[in-house]
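Asks: missing the sequence, but the structure's below:
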C-alpha cells in the first residue's frame, strides 16, 4: 500500500548510517525544538582530545554537534533511565527529542521510563499529555557482539500499547521513516540493524516522510508470500531471487513498521498466494512471526493452501562464537527450505 | 507583617483543602466509592503548599503515588480530582488514571507516578526543555525518603548537576518507605548530606513548619531560575495515615500517630504561629475551614453524580495522539 507521494528531486547513493544522519540534520535545521540526547552522541566531552570524537558509537550522529552545538546535541552520563526520562519529560514540554540508547539491549535498565511512563502518558492522563520523542538504538546479531549487545527486542516493544516501532531495512526507508518518527506525536522506537549501517541505496537529498503502517512490496510474486523485517529483508530477497531460478515466484513484503503493522498488505498477498513464510530474527515465542501467523490464521484462514511457516532465531540468547552466531541467525537457505516446504516441493 | 494577609489565607486554604480532601478520600474509600487503592498525604500538606505556592502554571512539578496534595497545591481542580479518584469520565484524566496517575498539563502538573522514583527523570526533561527553549520556567520534583534510594533518582540527581538543569528536588522524608523505616533503608546517616555530595546545594528543613519549608523552597527556586542549576531539600514530615488506606500499620510505635497529630500537625502549627504573631485571627481561619468543608462536600456529591466512562467509546480512545 504505497499510497504516499514519492520524492522526485535529486538523489545520491547513501549508506543507511548517512541516511539517518541526513534525516536528523535536516529536521534539526527545519525545527529548533529537535534535540539529540544520549551517551557519546557527540563524544569527547570533558576530555583533552577531540570534540565529536564518536558521533555516536556507530557514527550515526557524527557532525551534528559541530553544526548545532552541545545545547542541542547533548552528551550525557551513562544513565539510561535519566536519558529516557529527560527525553520524555522534555517531549511533554515542547521539545522533540531524539534519544539514543546506543545498543537497544540497554533498554533493560530504563524500560520503566519507556513502557510505564512515556508509552502510557497520553492514555492515562486522559489524552492531554503528548510525548513526541524518538528512541534510537541498534539491534540484531551478526557483529559477534555476544548475548548482551545483539538482541532484536521488537516483539517486547510491539506488545506495548502507546509505542510505535519502526524497523527500516534500507537507507531509503531509514531516512523517510526517521523524518516521520521525529514529526510523530507519540513515542517512537527506531530500531536500526547494526549489520545494515554500511548498506547503500539511492536516497533523495530532500526531506520526505514514509507513513507508519504502510508495508513495502519489495518483490512481487504469486506462489508464496514472504514477510520479512529489518535485516531479514535482504535475505528474503536473496532467497526469492534464488527460488525464481527454479520458477518459484515469491511476493516479498517488508512491513517497515511493526507497530502499527500493515496486516492488510499481508492478507491481500496471502489471498493471492495462499502460502506464507514469515522471517523474523527474534526468538520464535511471542514474536512478530507468531503475531503475523496468528493474524493470518484468524483473518486469512480460507486463503491458505498450506500451513504457515516461521523462520526465526532459536529460543536461546545470541551466542558469541562466530559459528554459533551464524547458525542462530535465520539464513537464506532456511528461507528457501521453508518456501519449498509450504509449496510441498 | 512579613507576609500579605491574602498570601497567608491562600496558604491556609490550600493546606486545609488538602487535609480535608485526604480525610474525605479515606471516608469515601471506606464507603466503597473509590475503586482500587489510595495513598493519602495528610500530615504532609505544608511541604506541598510551600513548594508550589510561588510556581506558575508554566513551572512543572512531578509527583508521586502519594500525590493528591501536590496536585491540589499546584492548582488542579478539586472537583476534577475527586471525580478522577472515583474513576469518572469527567475527572481530570477522564477516569483513565485514578489516584496514582493524575496529571494536568494546563496546570504544569506532569504527573503523579505510581512507580517509586519515576518522576525525577521526567522533571529533568521538563527542566531541559526550559533550558533549551530559554524560558525561565523551572521543574520541581517530589520524592519520598523511600524513592531516595531508587537508581532513577540517584541517576537524576547526577544528571541534573552535569547538565545544570533548573530542577528543585524535594524529598519528603515521612520516616517510612511503605512500612520500612528510613533509618533502615538509607545506608548513610543523612539524606541531606548525600544529596549535597552530588554537587548541589542541599538543605534540611522541618517539614511541618510551613515557613521553614517556604523559605528553603524560595532559595532553591531562585537558584534554579537564575540558571545556577539544581538543588535539593529534605523536608522531615509526618504521615498521619498508613502507606495505603486500610493499612493496619503494625510497624508504628505506641502512640506515635497520636503524638504526631498532637505535636507535629502542620495546620495546627501554622494556626498557632499566625495567630500568636497576630497576622491572622482565629475567626479568619475558621471562616476558611467552613468554605473548605463546603467545597469538599460539593466535590464528593458532584463526583458521585458524575458519569462513568463508556467502554464503547472511551476504552480505546487516546492510546496514541497521532494516527495509528
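Replies: On my side now, so go ahead. None of these values were measured; they are calculated from a predicted model.
Asks: what's the mean pLDDT across the strand or helix carrying residue B:312?
Replies: Take DSSP states H and E as the rule and residue B:312 turns out to sit in helix B:311-314. Per-residue pLDDT values across helix B:311-314 average out to 96.
Asks: list the buried residues for it?
Replies: By neighbour count with 16 or more other CB atoms under 10 Å in any protein chain shown, helix B:311-314 contains no buried residues. C-betas here are computed from N, CA, C, even on glycine.
Asks: please see if that helix touches chain A.
Replies: No - Helix B:311-314 is not in contact with chain A by CB under 8 Å from any CB of the partner chain; minimum separation 9.7 Å.
Asks: quick one, strands of the chain?
Replies: Just so you know, I chose chain A. Remark: strands assigned in chain A by DSSP state E are A:11-15, A:34-38, A:73-75, A:96-103, A:134-139, A:164-166, A:188-193, A:200-204, A:216-219, A:224-228, A:250-254, A:257-259, A:276-283, A:309-313.
Asks: ah, no, chain B please
Replies: B:60-62, B:139-144, B:167-173, B:176-177, B:180-181, B:202-206, B:231-236.
Asks: between those strands, which gets nearest to chain A?
Replies: Nearest to chain A among the strands of chain B is strand B:60-62 (6.4 Å), distances taken as CB to the nearest CB.
Asks: how far away from the center of its chain is the closest one?
Replies: 10 Å (CA atoms, centre = their mean, to the nearest Å).
Asks: quick one: mean pLDDT for it?
Replies: 98.
Asks: just confirm yes or no for that strand near chain A.
Replies: Yes - Strand B:60-62 reaches chain A (CB under 8 Å from any CB) through B:60, B:62.
Asks: what's that strand packed up against?
Replies: helix B:119-133, strand B:139-144 (3 or more CB pairs under 8 Å, 6 or more residues apart in numbering or on different chains; DSSP states H and E).
Asks: given the last one, what are its sheet partners and their directions?
Replies: In this case it means strand B:139-144. In the sheet containing strand B:139-144, its partner strands are strand B:60-62 (parallel), strand B:167-173 (parallel), by DSSP bridges.
Asks: taking those together, which one is wrapped up most tightly?
Replies: strand B:60-62 (a mean of 30; mean count of other CB atoms under 10 Å in any protein chain shown).
Asks: contact partners of it?
Replies: Here strand B:60-62 makes contact (CB atoms under 8 Å, 6 or more residues apart in numbering or on different chains) with A:89, A:93, B:51-52, B:55, B:70, B:74, B:108-111, B:113, B:119-120, B:122-123, B:126-127, B:130, B:137-142.
Asks: just the buried members of these?
Replies: Buried among the contacts of strand B:60-62 by 16+ other CB under 10 Å: A:89, A:93, B:51-52, B:55, B:70, B:74, B:108-111, B:113, B:119-120, B:122-123, B:126-127, B:130, B:137-142.
Asks: going along the chain, name the helices of chain B.
Replies: Listed in chain order, the helices of chain B (DSSP state H) span B:5-30, B:45-52, B:68-73, B:78-85, B:119-133, B:151-162, B:182-185, B:191-197, B:210-225, B:256-263, B:266-276, B:282-305, B:311-314.
Asks: what sits closest to the residue most central in space within chain B if chain neighbours are left out?
Replies: For chain B, the residue nearest the mean C-alpha position is residue B:70 (2.6 Å; CA atoms, centre = their mean). Excluding the flanking residues, the one nearest residue B:70 by CB to CB, 6 or more residues apart in numbering or on different chains is residue B:63, at 4.0 Å.
Asks: residue A:188 now?
Replies: That would be residue A:181: by CB to CB, 6+ apart, it lies 4.1 Å from residue A:188.
Asks: give me the contact list for the helix ranked longest in chain A.
Replies: As assigned by DSSP H, the longest helix anywhere in chain A is helix A:16-30. Residues outside helix A:16-30 that contact it (CB under 8 Å, 6+ apart): A:14, A:34-36, A:58-64, A:67-68, A:72, A:98, A:136, A:168, A:170-172, A:174-176, A:178-179, A:182-183, A:192, A:196-200, A:203, A:205, A:207.
Asks: take those and keep only those in helices.
Replies: Short answer: the contacts of helix A:16-30 in helices (DSSP H) are A:64, A:67, A:68, A:171, A:172, A:174, A:175, A:176, A:178, A:179, A:182, A:183.
Asks: can I get the strands paired with strand B:139-144 in CSV with distance to residue A:276?
Replies: Formatted as CSV, those follow (distance: least, CB to CB, whole Å):
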stretch, distance to residue A:276
strand B:60-62, 47
strand B:167-173, 52
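Asks: ok so, going back, name the residues that touch the helix holding residue B:312?
Replies: B:89, B:94, B:95, B:96.
Asks: got it, and stretch B:178-185?
Replies: Contacts for stretch B:178-185 (CB under 8 Å, 6+ apart): B:145-146, B:149, B:173, B:175-177, B:191, B:243, B:247, B:249-251.
Asks: ok now it, how far from the chain's centre?
Replies: The answer for stretch B:178-185 is 20 Å, by CA atoms, centre = their mean.
Asks: show me the contacts for the closest residue to chain A within the stretch 201-324 of chain B.
Replies: Residue nearest to chain A within the stretch 201-324 of chain B: residue B:318 (3.7 Å; CB to the nearest CB). Contact partners of residue B:318, counting by CB under 8 Å, 6+ apart, are A:122, A:123, A:126, A:127, B:94, B:96.
Asks: and residue A:262, how far is that from chain B?
Replies: 12 Å (CB to the nearest CB, to the nearest Å).
Asks: what's the neighbour count on that residue?
Replies: The local packing of residue A:262 (other CB atoms under 10 Å in any protein chain shown) involves 22 other residues.
Asks: now swap in residue B:248 and tell me
Replies: 8.
Asks: and the pLDDT for the residue lying closest to it once chain neighbours are set aside?
Replies: Nearest residue to residue B:248, sequence neighbours excluded (CB to CB, 6+ apart): residue B:242, at 7.4 Å. The model reports residue B:242 with a pLDDT of 95.
Asks: what's the burial count for residue B:242?
Replies: Counted with other CB under 10 Å, residues neighbouring residue B:242 total 20.
Asks: so it touches residue B:251, yeah?
Replies: No - the criterion here is CB atoms under 8 Å, and residue B:242 misses it with residue B:251 at 9.3 Å.
Asks: so which bits of the stretch 201-345 of chain A are right by chain B?
Replies: A:212, A:213, A:260.
Asks: wait, what's in contact with the residue nearest to the centre of chain B?
Replies: B:41, B:48, B:51, B:52, B:61, B:63, B:64, B:109, B:112, B:142.
Asks: repeat that for residue B:207.
Replies: Residue B:207 neighbours (CB under 8 Å, 6+ apart): B:44, B:46, B:47, B:172, B:173, B:213, B:235, B:236, B:237, B:238, B:266.
Asks: right, I'll call it a day here.
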